[in-house]
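K.L.:
Pasting the sequence and the predicted model now:
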Amino acid sequence: MELDEKYASVIVRRYAEATGDAAGITCERSGGQYAYLDLVKKVERPKQKG
């Protein structure tokens, strides 16, 4: 299944929040399989002050 990256990331984040089981989520991309929590660490943005 292919979805735009923006929508896919929101769907997966909402699923993780709803189930409370982010550790059990994996994502496939370009033939590789990645742990969701590892991907989140790579793309986390610092919170803005203000």
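P.N.:
Everything's here; your move.

K.L.:
residues near residue 36, how many?
P.N.:
19 (other CB atoms under 10 Å). C-beta coordinates here come from the backbone N, C-alpha and C atoms, glycine included.

K.L.:
In this model residue 21 seems to touch it, though I could be wrong.
P.N.:
No: using CB atoms under 8 Å, residue 36 is not in contact with residue 21; the gap is 9.7 Å.

K.L.:
Please list the residues outside the longest helix seen in the chain that contact it.
P.N.:
The longest helix of the chain (DSSP state H) is helix 5-19. With CB atoms under 8 Å, 6 or more residues apart in numbering as the test, helix 5-19 has contacts from 3, 22, 25, 27, 36.

K.L.:
6 Å - rerun?
P.N.:
By CB atoms under 6 Å, 6 or more residues apart in numbering, the surrounding residues in contact with helix 5-19 are 22, 25.

K.L.:
And the next helix or strand past that helix?
P.N.:
strand 26-29 (DSSP states H and E).
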